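Peer 1: here's a sequence, model it:
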Amino acid sequence: MALTHKDLDALDAAIASGTLSVEFDGRRMTYQSTGALIEARNHVSRVVNSSATNRGPATFRFNFTTSRGD
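Peer 2: Okay, the predicted model is just below:
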């Protein structure tokens, strides 16, 4: 299951409303405390933000040397 901004929004809404249950893709998760809910939110935030980072194309440099053997 890939984590998305929608999942992050659901966690934010649960924290704001004070509930401990969140639904992801039709599956309900109930956390033991608000602290656990906040930890889950921080984890989802890190995963979503790291996957959204555009690293761009990799750049390679090649150095060629030749010897003629004269």
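
Peer 1: and Phe60, what helix or strand is that in?
Peer 2: Under DSSP states H and E, no helix or strand contains Phe60.

Peer 1: cool, Leu37 as well?
Peer 2: Judged by DSSP H and E, Leu37 forms part of helix 34-52.

Peer 1: report all helices and strands that that helix contacts.
Peer 2: helix 5-17 (3 or more C-beta pairs under 8 Å, 6 or more residues apart in numbering; DSSP states H and E). In short, each C-beta sits where N, CA and C put it, glycine included.

Peer 1: packing partners of the helix it packs on?
Peer 2: strand 21-24, helix 34-52.

Peer 1: what does the average pLDDT come to for it?
Peer 2: Mean per-residue pLDDT for helix 5-17: 93.

Peer 1: need the contact list for the closest residue to Thr4 other than its chain neighbours.
Peer 2: Nearest non-adjacent residue to Thr4, counting by C-beta to C-beta, 6 or more residues apart in numbering: Val48, 6.7 Å away. Neighbour list for Val48: 3-5, 7-8 [criterion: C-beta atoms under 8 Å, 6 or more residues apart in numbering].
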